[in-house]
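K.L.:
Predicted model follows, preceded by the sequence.
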Amino acid sequence: MTTVEREPLHPNPPLGLPPGSVRGLLSVMIVAELWLLLLLPRNPPQQVTVPVHIYMLLALVLLFFAAHGRSIARKADPTPSPLYLPGGTLRLIILGGTIATIVYLFINDRERLIQRLTPSADQIQHWPEFLLALAGGLVVGWIFRFIRPLHNWLAVLALFAMLADIVIEVFVYPQLKENADPVVWQYIVTAVVASYFATRS
């Protein structure tokens, strides 16, 4: 009796990494930004709240979870798991880190947890634009999925955009003594990261 090997889920994955690696890195970066924003000291110069675009990006983390078995290998598949790690490692990091952060703050500083998880009124008024950036990025990414030479460039662009967002939102913006309005940058990050997820989902 012969066995038929399953073909790779995604031929020629971006950056030569196993399918799901870039999405996994982006997902970890998204939740890491959430963790850092929640854990920042209580009284930086600017009031810290989780911006609306992070909630939009968390929807993409759910896409990463849903991709297993469809565009990311399951444990039983011959295709390597994301980043060549044991199957389920990135999902464990994402879930474990998020639960640990929320439980720690719930026990030690519940008021800060609630305040940080409540977007500011200035951010809330822009939620339709954030939703449009997310939807627009997904549509553009769906179109780009048929243009494979662009996948590597989009992967690098999304990773750099997410890294820059962590630096700006966690280390720069909270320390500014004057108010700044980062919403245009947040629209761009949301659209770029969403477009990459759409190319691979």
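P.N.:
Received the coordinates, thanks. Residues are numbered from 1 along each chain as shown.

K.L.:
if I pick residue 118, what's in contact with it?
P.N.:
Counting by C-beta atoms under 8 Å, 6 or more residues apart in numbering, residue 118 makes contact with residue 49. Bear in mind the C-beta positions are built from the backbone N, C-alpha and C, glycine included.

K.L.:
For it, grab phi and psi.
P.N.:
phi -100, psi 110 (degrees, to the nearest 10).

K.L.:
which is the next helix or strand following the host helix or strand of residue 166?
P.N.:
Secondary structure assignment for residue 166, by DSSP states H and E: helix 149-166. Using DSSP H and E, the helix or strand that directly follows helix 149-166 along the chain is helix 183-200.

K.L.:
now for that following helix, which elements pack on it?
P.N.:
Helices and strands touching helix 183-200, as assessed by 3 or more C-beta pairs under 8 Å, 6 or more residues apart in numbering; DSSP states H and E, comprise helix 21-39, helix 52-66, helix 127-144, helix 149-166.

K.L.:
rewinding a little: now do the helix holding residue 166 against helix 183-200, angle only.
P.N.:
Interaxial angle of helix 149-166 relative to helix 183-200 (axes from the mean of the first three to the mean of the last three C-alpha atoms, to 10 degrees): 140 degrees.

K.L.:
now what about the helix or strand of the chain with the lowest mean pLDDT, what contacts it?
P.N.:
Ranked by mean pLDDT, DSSP states H and E, the weakest helix or strand in the chain is helix 121-124, scoring a mean of 88. Identification of contacts with helix 121-124 by C-beta under 8 Å, 6+ apart yields 49, 51-52, 181, 183.

K.L.:
Please pick the buried ones from those.
P.N.:
49, 51-52, 183 (16 or more other C-beta atoms under 10 Å).

K.L.:
I'd say residue 159 and residue 22 touch.
P.N.:
Yes - counting by C-beta atoms under 8 Å, residue 159 does reach residue 22; the two are 6.8 Å apart.

K.L.:
So residue 25 versus residue 146, what's the distance?
P.N.:
23 Å (C-beta to C-beta, to the nearest Å).

K.L.:
what's around residue 156, how many residues?
P.N.:
14 (other C-beta atoms under 10 Å).

K.L.:
what's the nearest residue in space to it that is not next to it in sequence in contact with, if anything?
P.N.:
Leaving out its chain neighbours, the residue that sits closest to residue 156 by C-beta to C-beta, 6 or more residues apart in numbering is residue 15, at 7.6 Å. By C-beta under 8 Å, 6+ apart, the residues touching residue 15 are 21-22, 152, 155-156.

K.L.:
do that again at 7 Å, thanks
P.N.:
22, 152, 155 (C-beta atoms under 7 Å, 6 or more residues apart in numbering).

K.L.:
In PyMOL, how would I select the buried members of these?
P.N.:
In PyMOL, this line selects whichever of the contacts of residue 15 come out buried by 16+ other C-beta under 10 Å:
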select buried, resi 22+155
